[in-house]
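**Student:** I would like the atomic coordinates for the input below:
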Amino acid sequence: MINPIRPFLEKTGVVILDGALATELERRGANLDDPLWSARMLLDGPDLIRQIHLDYFRAGADVATSASYQASFAGFARRGLNQAQAAELMVRSVRLAQEARDLFWSETTQGRLRPLVAASVGCYGATLHDGSEYRGDYGLTVAQLVDFHRPRLEILANSGADLLACETIPCLIEVEALARLLPEFGLPAWISFSCKDDEHVCHGERLADCLALADACDQVVALGINCTPPHLIAGLLASVTDVTPKPLVAYPNSGESWDAQARCWRGENSASDWAQAARLWYAAGARLIGGCCRTAPEDIRQMALALK
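**Tutor:** Numbering: from 1, shown residues only. Below is the predicted model:
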């Protein structure tokens, strides 16, 4: 298995990830009030998705993460799409990121490695559209989660993506399911967790225990934290530095919290200086660094300039 992030780490010591997709779509006028969330735009606005990917590359991102976070066969079926149509949309999510990469690469290659495309694999809770990715209280067994993830992983692992981004995982049981599944497909992946404090994932297990389980999977090439308030990141990284030799991932949200009932973000943006924050996370051990919900290309630009 080729590790696609290694050349970036060898060249610059850091991989700059992109920022939010769904909230950036909303900021640009897209209506995502839909159970499919950003995946809706695979149907209604693919050109806007491609443009946002391109803007992140121009801002300095080394990786574009596809618009498949909330895509699932069950979700597309509720919109009247059959299995083949749903699979085509999942592949489209990767293709849009690849097209943006090709456009960027035609503009400039100076001082850059050719960026990567990561196929987003959202947690089971993301498809419920009820905030479960910040709770992890699924009530499912490992076997049931394996059955849920396998069909989508099969499509995304064969989509042409360079790696998989298993994101916003809130509980130990789900990483156990992913660690069982990933060897079936052979594509490298990172796994990142949503966390509720500076030691525990959202469901309550220790982040260190979750990372130790993920670390044992050969397909996992990096692991860490995403969609977690910025002020928790340094402490979380400090709690796991001795758990794994693999590169650590950090791409927090803006610090606001999602109110699943009211369908809105609450609180204040707590990351006023993304450059300073990125330096702090790098010093704490993170090597794949970017942003999640409510971040934008300008935030990624600040991180890229600070770290490169």
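**Student:** wait, isn't residue 256 in contact with residue 230?
**Tutor:** No. Counting by Cβ atoms under 8 Å, residue 256 stays clear of residue 230, with 10.5 Å between them. (C-beta placed from N, C-alpha, C; glycine too.)
**Student:** These two: which has the busier surroundings?
**Tutor:** Between residue 256 and residue 230, counting by other Cβ atoms under 10 Å, residue 230 is the more crowded of the two (24 against 18).
**Student:** Look at that one and report its pLDDT.
**Tutor:** Note on residue 230: pLDDT of 95.
**Student:** Over to it: give its phi and psi.
**Tutor:** Main-chain dihedrals, residue 230, degrees, to the nearest 10: phi -60, psi -30.
**Student:** what does residue 119 give?
**Tutor:** Torsion angles at residue 119 (phi, psi; degrees, to the nearest 10) stand at phi -80, psi 120.
**Student:** Next: residue 221.
**Tutor:** phi -100, psi -10.
**Student:** Identify the residue spatially nearest to it, adjacent ones excluded.
**Tutor:** residue 188 (4.5 Å; Cβ to Cβ, 6 or more residues apart in numbering).
**Student:** show me what contacts the residue lying closest to residue 199 once chain neighbours are set aside?
**Tutor:** Nearest residue to residue 199, sequence neighbours excluded (Cβ to Cβ, 6+ apart): residue 239, at 5.2 Å. Residue 239 makes contacts with 198-199, 206-208, as judged by Cβ atoms under 8 Å, 6 or more residues apart in numbering.
**Student:** can I get those in JSON lines with neighbour count, distance to residue 170 and secondary structure?
**Tutor:** Supplementary listing: the contacts of residue 239 in JSON lines, determined by neighbours: other Cβ atoms under 10 Å; distance: Cβ to Cβ, whole Å; DSSP: H, G, I helix; E, B strand; the rest coil:
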{"residue": "198", "neighbour count": "17", "distance to residue 170": "16", "secondary structure": "coil"}
{"residue": "199", "neighbour count": "16", "distance to residue 170": "14", "secondary structure": "coil"}
{"residue": "206", "neighbour count": "15", "distance to residue 170": "13", "secondary structure": "strand"}
{"residue": "207", "neighbour count": "26", "distance to residue 170": "11", "secondary structure": "helix"}
{"residue": "208", "neighbour count": "18", "distance to residue 170": "15", "secondary structure": "helix"}
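**Student:** Now flag whichever of those is closest to residue 298.
**Tutor:** Relative to residue 298, the closest of these is residue 198; by Cβ to Cβ it sits at 27.2 Å.
**Student:** between the contacts of residue 239, which is closest to residue 85?
**Tutor:** Comparing the contacts of residue 239 against residue 85 with Cβ to Cβ picks out residue 207 as the nearest, at 37.5 Å.
**Student:** quick one: pLDDT of the closest one?
**Tutor:** Here, the pLDDT recorded for residue 207 equals 98.
**Student:** Could you say which helix or strand holds the residue nearest to residue 199?
**Tutor:** Here residue 239, judged by DSSP states H and E, is contained in helix 230-240.
**Student:** any idea which helix or strand comes after that helix?
**Tutor:** strand 248-251.
**Student:** How far off centre is that next one?
**Tutor:** 10 Å (Cα atoms, centre = their mean, to the nearest Å).
**Student:** any residues touching it, and which ones?
**Tutor:** So strand 248-251 is in contact with 17, 19, 190, 192, 222-227, 233, 237, 240-241, 281, 285-292, going by Cβ under 8 Å, 6+ apart.
**Student:** Just those: which are in helices?
**Tutor:** In helices, defined here by DSSP state H, the members of the contacts of strand 248-251 are 233, 237, 240, 281.
**Student:** Among the residues you listed, list the two that are farthest apart in space.
**Tutor:** Comparing all pairs in these by Cβ to Cβ, the longest separation belongs to 240 and 281, at 12.6 Å.
**Student:** who has more neighbours, the two?
**Tutor:** residue 281 (28 against 24).
**Student:** Please name the residues that touch that one.
**Tutor:** Taking Cβ under 8 Å, 6+ apart, we find residue 281 in contact with 233-234, 237, 250, 289.
**Student:** again, only using 6 Å
**Tutor:** By Cβ atoms under 6 Å, 6 or more residues apart in numbering, the residues touching residue 281 are 233, 250, 289.
**Student:** and the gap between the first one and residue 150?
**Tutor:** If I follow you right, that is residue 233. Distance of residue 233 to residue 150, computed by Cβ to Cβ, to the nearest Å: 31 Å.
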